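Peer 1: Quick check, what structure comes out for this input:
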Amino acid sequence: MNIAAGAAGAALAAEQPQTAVLVPAILGVGLLFTLGHNLVQGMRARNRSRRRAEIEGHTSAALVVGGWDSALAERTGMRSRWTYLILGTACMALAIYLAIGAWANFFGATWWSENIAWIAVLIQAASLAFGAAGVYLLTLGLYYRQPPAWARPFIARNLLGRHARISAPRGWRRPARADKLRLLGTQHITDRIAFTARLVAVLWSLVAMSVFTFLALRGQIPRADSGGTIEGDLAVPLQVGLLVVIAVGLILAWRWEAVGAAVMAVAGAALAVLAGVQYPPTVAVAVSLLFLAPAFLHWVAWQRDRGAVHIAVLFAVTAVLVGGVWAGSGNLYQKYFGPAHPESSVAALPDSAVQWVWAGGTTSTSTEVVARLNDPAERVRVVLTSSSNPDRTYTSDPATADDADHLVVRARFDGLIPDTGYRYAVEVDGGLDEIRTGTLRTLPTGSARFAVAFASCARTGSNGAVFDAIRELQPLLFLSVGDFHYANIDTDDQGLFRAAMDANLTAPAQSALYRSTSVGYVWDDHDYAGNDANETAAARPAAQAVYRQYVPHYEIPADGPIYQAVTVGRVRFLLTDTRSTRTPQSARDDDAKYMLGPQQEDWFLAELGAARQRDGIVVWVNPDPWIDPAAAGADSWAGYTRQRTRLADAVAANGLTDRLVMLSGDAHMVALDDGMNSDYTTKGSGGFPVMHAAALDRPGGTKGGPYSDGAFPGAGQFGLLQVDDGGGRRISVTYSGRTWDDQTLVQRTFRLQANP
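Peer 2: Residues are numbered from 1 along each chain as shown. A predicted model of the protein is given here:
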């Protein structure tokens, strides 16, 4: 392979992600097979003796026939010139291919590595390694008769050499070191100590690998609060693969102790850095030490007859590995789980009887308040008071907060006054909790002016300043459009979902926002059952159960998908569940493939039919990217094109093309399309405005598109939908994509048809 071929391969990889993986894999396996074959042959004493005899015989013959220079290659254990030229070219081509692929994949050539920095760095490191090998091999091939001095010490010892210890000219022989300083010489490290160190290292390695493999395969290695950035189907093979490398190092240490120990140490460090993506840095360092310890024992046994330089290198390498793991894992952990924008300045509230409280499911005459207590209570009530008339007070029926309900109480209020502010507080065993109180406003009827904030994608327990920015705008509603947290729970464990929700609802900035307005919430993948989750997810029962217990919501089915609707003035909001009844992404894209399951599609079509006769407009809250070219297996609507077309046709058939807007999340960006690119109808009837708002507190990224007004990836971002309805035939809707520091990234006003 040459450079042009490598570039062509990279271009092909952009269209065929499988090729991007297979081509370098095939090349890499071929090179590794060559190295492995030489390694095995070098370990066999019989072959080594035979090769030594052959080389010495060829050297003698060459000296007699052609003189000293003609025998140089054979005498020093070098292979043929073409061996080095071919392998060197292959290594350089693979290095170039991997360098291109590392960044091409990072920017979206393969879905599983898009925007994942550690994969790009890992592939880039492999590229550098192959590049260094290519330079070395090509140097030997090009300067075959007179290799440069820096290459000479490696020729006879290299895996691609002949592994024969033969005589060489003085210029090639390293001078003897008679003045070696053995800081830990044989008088300190005896044969018994060396044997014990090696035995302990072997036993330690076997036990550590067995335990770690068992835990990895069973998925019992605990994750960070925000779940694993690397999904289980990729993390487990990586972990097991590195354990196999450690085992190879253990085998190598039997013959080449220093080399084997180095392989074990590097693989252990890589395993620790991988852990740093998923766990806190302290755990990563613990994993590093777990696998560095046997490598260190091997080094101790190995150095007993080595000099001070070897010992210094031993400690330096160990220190660099441990320090590098600490720094690398810390940076990785901060990147994936740390704040993506400045923290909020809101102070944490003092402890009280109430752990958290929020309100939602609010209509013009009703609302729902859900609270969780810190301790069991016999009599719990929620008190709701009109802000304009303190004498108008509503009190919920008394309830008991016990462990059976996980200390959660739910209160619903009816008969409220439209477009009126209310304050609520929780009364626990006769005492009113004045620490964690909240406010809300019932929804207006008829023509009205109001603002709705919406956003998605926040790390678990985020306390970002973006929540303060949203609260300061005093929106009538806050819509969480998916990825409320990033716990990525993939097991049917309600306790894990409760813990993730608790982390968000007790974060000072989030708590202050949710207690300042009414909330509407639909999930996406990370807060439902893990990345790209669908109806087959094991966590689905737990996710649905905890949602119904913890979240204040509008009317939803008694079980199954979480879809709901509410009317604000003359605006009908439709909140759809695009996860819990979604057909697997890998299924054939036909009429039987659903992003909204059959039950939810029937409900949605009925809502569109009703909207056709109703005065006003429709806001469709759809978490996943709508605008995206068709792609088999895609996680967006691009992989569900038959249903996308059915729904687009239904919007057009009901005359709602100029009466509907879509609010979306998922992609870590603010984006706006005016309808230019959102038309997926059969007849090209026209599109509708699509507005994305994210990420609240996650690294920026883009998905889907194109978008007429652009996409703005970033963190600390949200959207504001301002409705100005004066009662006429048109309703003015203004969308603005905003940041935590009061910047407006994009803004546009649409005048939508209000009447049928």
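Peer 1: so where's the chain shaky on pLDDT?
Peer 2: Where the chain drops to pLDDT under 70, the residues are 1-79, 102-120, 145-146, 149-189, 216-236, 273-284, 303-315, 317-319, 321-337.
Peer 1: Swap in 50 and give it another go.
Peer 2: Along the chain, the model assigns pLDDT under 50 to residues 1-31, 33-35, 37, 41, 43-46, 67-71, 73-75, 112, 157-159, 162-187.
Peer 1: Near the closest residue to residue 677 other than its chain neighbours, how many other residues are there?
Peer 2: Nearest non-adjacent residue to residue 677, counting by Cβ to Cβ, 6 or more residues apart in numbering: residue 627, 5.1 Å away. Heads up, the C-betas are built off the backbone N, CA and C, glycines and all. Per other Cβ atoms under 10 Å, the neighbour tally for residue 627 reads 25.
Peer 1: quick one, what contacts residue 627?
Peer 2: Residues in contact with residue 627, defined by Cβ atoms under 8 Å, 6 or more residues apart in numbering, are 673, 677-678, 690, 704-707.
Peer 1: need the strands for the stretch 451-600 of the chain, in chain order.
Peer 2: Using DSSP state E, counting those that start in this stretch, the strands of the stretch 451-600 of the chain run over 477-481, 518-522, 564-568, 571-575.
Peer 1: Mind putting these into TSV with mean neighbour count and distance to residue 434?
Peer 2: Formatted as TSV, the strands of the stretch 451-600 of the chain follow (neighbours: other Cβ atoms under 10 Å; distance: least, Cβ to Cβ, whole Å):
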stretch	mean neighbour count	distance to residue 434
strand 477-481	25	23
strand 518-522	25	21
strand 564-568	20	30
strand 571-575	22	33
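Peer 1: Save those strands as TSV, and put in distance to residue 507 too.
Peer 2: TSV is the format used below for the strands of the stretch 451-600 of the chain (distance: least, Cβ to Cβ, whole Å):
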stretch	distance to residue 507
strand 477-481	14
strand 518-522	14
strand 564-568	25
strand 571-575	23
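Peer 1: Quick one: closest of the ones you listed to residue 380.
Peer 2: Proximity to residue 380 (Cβ to Cβ) singles out strand 518-522 among the strands of the stretch 451-600 of the chain, at 20.7 Å.
Peer 1: May I have the closest one as CSV, with CA atoms only?
Peer 2: Backbone C-alpha positions of strand 518-522 (Å, rounded to 0.1, in the frame of the first residue of the first chain) are rendered in CSV as follows:
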residue,chain,number,x,y,z
SER,A,518,-44.0,23.9,35.9
VAL,A,519,-42.0,21.1,34.2
GLY,A,520,-42.8,18.8,31.3
TYR,A,521,-40.5,16.0,30.7
VAL,A,522,-40.0,13.4,27.9
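Peer 1: got the angle between that strand and strand 477-481?
Peer 2: Counting by axes from the mean of the first three to the mean of the last three Cα atoms, to 10 degrees, strand 518-522 lies at 20 degrees to strand 477-481.
Peer 1: just checking, what packs against strand 518-522?
Peer 2: strand 354-360, strand 477-481, strand 564-568, strand 571-575 (3 or more Cβ pairs under 8 Å, 6 or more residues apart in numbering; DSSP states H and E).
Peer 1: Compute the inter-axis angle for the longest one and strand 477-481.
Peer 2: Calculated by the same axes, to 10 degrees, strand 354-360 forms an angle of 100 degrees with strand 477-481.
Peer 1: I'm done for today, thanks for sticking with me.
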